[in-house]
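[1] I would like to see how this sequence folds:
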Amino acid sequence: MASSSEPSWDFYRTFLAVLEHGSLSAAARELGLTQPTIGRHIDALEQSVGAELFTRSQQGLLPTDAALVLKPYAETLASTTAALLRAASGSRDKVSGTVRISASEVIGTEVLPPILARLQARYPDLIVELSASDTVEDLLQREADIAVRMIAPAQEALLARHIGIISLGLFAHRTYIERYGKPTTIEELHRHKLIGFDRQTAYIRMMQKRYPMLEGTSFSFRSDHSIALHNALRAGIGIGFLQIPLAGRDLNLVQLLPEIEVQIDTWIVMHENLKTSPRCRVTFDALVTGLLDYTKENSARNGS
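    Sure, this is the predicted structure:
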């Protein structure tokens, strides 16, 4: 029978760390605690919920069915606690405290840093957490305060600003063109070295539907990491897609087959409850201004 005592939040935090790392020692290193303390936390949580949460195996600690049932609730507790701490870190009248932003790998690493640099220069007491990942974080669950998304928001409790279209085109570095020349037709792409994802994605399926002649194209360089693909393009490994405003910042990148273009709709969203928060309001406005300016950089510097 489960204990009537309410489990401490620390127990759930420890539980999530053991789930992620698969061992007491790794969880202890992650949380800055001792291994015996981690063990006591798990024992206490198991006593409270009345079920065994982990079994030992050669691969480490494996979660039981009870642990897998508990996991989403513990994750919700974690995101709620993080949101509470961010809210408590700021004041009502001063721009200070922590704001967490979610954006794709490319936007987060290539586009947002100068925007955020200007923002923090203006508001030195503002702390920014940036989650640069292609995983969409749930704003209703407060996994982030503000998000830059490439899809229209469907949740009613979100405040959204439509930024517009960011276009992608095919590019190659000048060194690649010097070695292999330029494709002049879509069919010629099949004879070139192409850069792409190592798995089928909705983006790839959309491209194949729009340009059927691309179906069956093989990539000579593949990765599941957007920045790795961009760096391969900049290194002259092959031809790949890049956001046109971003490519326009590099004189060595040449746009190829401009008739091939992918358009991505872009939005900035945050939970409507945060619109009166000074730190979230100024961050939201700064992202809108910065990304609107970015979308205006709509032509790459093409070379011969």
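[2] ok, now which ones touch residue 266?
    With Cβ atoms under 8 Å, 6 or more residues apart in numbering as the criterion, the residues that contact residue 266 are 148, 149, 150, 162, 163, 164, 165, 166, 291, 295. Placement of C-beta: from N, CA and C, glycine included.
[3] tell me which element the nearest residue to residue 274 once chain neighbours are set aside is part of?
    Nearest residue to residue 274 in three dimensions, chain neighbours excluded: residue 280, at 4.2 Å (Cβ to Cβ, 6 or more residues apart in numbering). Assigning secondary structure by DSSP states H and E places residue 280 in helix 278-296.
[4] likewise residue 51?
    Counting by DSSP H and E, residue 51 is part of no helix or strand.
[5] one step back: any chance of the contacts of residue 266 in a markdown table, plus neighbour count?
    As requested, the contacts of residue 266 are arranged in a markdown table below (neighbours: other Cβ atoms under 10 Å):
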| residue | neighbour count |
| --- | --- |
| 148 | 20 |
| 149 | 21 |
| 150 | 17 |
| 162 | 13 |
| 163 | 20 |
| 164 | 15 |
| 165 | 13 |
| 166 | 23 |
| 291 | 24 |
| 295 | 16 |
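[6] among the residues you listed, which are located in strands?
    Within these, membership in strands is found for 148, 149, 162, 163, 164, 165, 166, as judged by DSSP state E.
[7] nearest to residue 74 among these?
    Taking Cβ to Cβ as the measure, residue 74 lies nearest residue 149 of these, at 25.9 Å.
[8] partners of the closest one in the sheet?
    residue 267 (DSSP bridges).
[9] which residues touch it?
    When contacts are taken as Cβ under 8 Å, 6+ apart, residue 149 is in contact with 136, 266, 267, 268, 269.
[10] what does the pLDDT read for it?
    Turning to residue 149, the model gives it a pLDDT of 88.
[11] list the buried residues of stretch 180-198.
    Burial within stretch 180-198, assessed by neighbour count using 16 or more other Cβ atoms under 10 Å, is assigned to 183, 186, 189, 192, 193, 194, 195, 196, 197.
[12] is the fourth one in contact with residue 240, as I believe?
    To tie it back to what came earlier, the one meant is residue 192. No - using Cβ atoms under 8 Å, residue 192 is not in contact with residue 240; the gap is 10.5 Å.
[13] where's the dip in pLDDT among the contacts of residue 149?
    Checked by pLDDT, the contacts of residue 149 have residue 136 as the lowest-scoring entry (63).
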